[in-house]
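Participant: Pasting the sequence and the predicted coordinates here, then a few questions.
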Amino acid sequence: MKKKGIFSDIGLKVLSVALAMSLWFFVTYRGQSEMAIDIPLEFKDVPKGLEILRQNIKRVSLNISGHERLLKALRPMDARVVIDMSNAKER
């Protein structure tokens, strides 16, 4: 019986690896989706003596991408955009 080396049937091995990689990409990227949600802008830690006079932007639009089943469960109240004003200084 002839001993076979690692490079015997190389075409079949390359085809097997290519098929495995194709299936892996299909499974991991299937169900990817993107959605946009509008949420209110929040300010925190406004220093004493300072106040926000004009707030032109009251809501922001977030574009979120991920698995479709996770995005379906996401509600606008689950996401927040908070601006930390603790280091704000007077102009």
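Facilitator: It's in.
Participant: Buried residues in the one helix or strand Val14 maps to, which are they?
Facilitator: Using DSSP states H and E, Val14 sits in helix 10-29. Under the neighbour-count criterion of 16 or more other Cβ atoms under 10 Å, helix 10-29 has nothing buried. Glycine gets a C-beta too; all of them are placed from N, C-alpha and C.
Participant: mean confidence score for it?
Facilitator: The predicted model assigns helix 10-29 a mean pLDDT of 87.
Participant: Identify each buried residue in the helix or strand of the chain with the lowest mean pLDDT, please.
Facilitator: Least confident element among the helices and strands of the chain, by mean pLDDT, DSSP states H and E: helix 68-73 (a mean of 82). The neighbour-count check on helix 68-73 (16+ other Cβ under 10 Å) flags Leu71 as buried.
Participant: Check the gap between the residue nearest to the spatial centre of the chain and Ala36 for me.
Facilitator: Residue closest to the average C-alpha location in the chain (Cα atoms, centre = their mean): Ser65, at 4.8 Å. Distance of Ser65 to Ala36, computed by Cβ to Cβ, to the nearest Å: 10 Å.
Participant: do Leu71 as well
Facilitator: 11 Å.
Participant: Quick check: neighbours shared by these two?
Facilitator: The contact sets of Leu71 and Ala36 overlap at Ile64 (Cβ atoms under 8 Å, 6 or more residues apart in numbering).
Participant: give me the element Ile83 is part of.
Facilitator: strand 81-84.
Participant: what's next to the strand or helix carrying Phe43, contact-wise?
Facilitator: Element membership for Phe43 (DSSP H and E) is strand 32-44. Here strand 32-44 makes contact (Cβ under 8 Å, 6+ apart) with 52, 55, 57-68, 71, 74, 76, 79-86.
Participant: Please list only the buried members of those.
Facilitator: Using 16+ other Cβ under 10 Å as the burial test, the contacts of strand 32-44 include Leu71 as buried.
Participant: just how off-centre is the least confident helix or strand of the chain within its chain?
Facilitator: 12 Å (Cα atoms, centre = their mean, to the nearest Å).
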